[in-house]
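Engineer: structure for this input, please:
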Amino acid sequence: MKVIEYLALPLLLILSLIVPKKKNKWVFGSWFGLKYSDNPKYFYEYVLAEEPRIRAIWITKNHDVYEVLLEKGVEVYMAYSMYGLYHQLT
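Structural biologist: Numbers count the residues shown, from 1 in each chain. The predicted model follows:
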């Protein structure tokens, strides 16, 4: 997967400059996408609870984290899925 990441990085960098951003969408992640912990977790949970105008999205590379958050009913995507990449770009 590391090779794919390095090959895709320049393309994603260019796309990130072109794709319009949505100011009310915030994307969160922790420990390089591997964990759901620490300050990003608590800030994410705060935004979900207290800021209804903000669309808070968690991005992860860990299937266990994905399943736990999916069961909680929050918006979560795998980092390299089509939706995950889309939300990271916008």
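Engineer: all helices for the protein, in order.
Structural biologist: Listed in chain order, the helices found in the chain under DSSP state H are 2-18, 38-50, 63-72, 82-89.
Engineer: got the buried residues for the second one?
Structural biologist: This points to helix 38-50. Neighbour-count burial for helix 38-50, with 16 or more other CB atoms under 10 Å as criterion, is recorded at 41, 44, 45, 47, 48. C-betas here are computed from N, CA, C, even on glycine.
Engineer: check stretch 23-36 too.
Structural biologist: Using 16+ other CB under 10 Å as the test for burial, stretch 23-36 gives 27, 28, 29, 30, 33, 35, 36.
Engineer: from those, which one has the minimum pLDDT?
Structural biologist: The lowest pLDDT within the buried residues of stretch 23-36 belongs to residue 33, with 82.
Engineer: with adjacent residues omitted, what lies nearest to residue 33?
Structural biologist: Closest residue to residue 33 apart from its sequence neighbours, by CB to CB, 6 or more residues apart in numbering: residue 61 at 3.7 Å.
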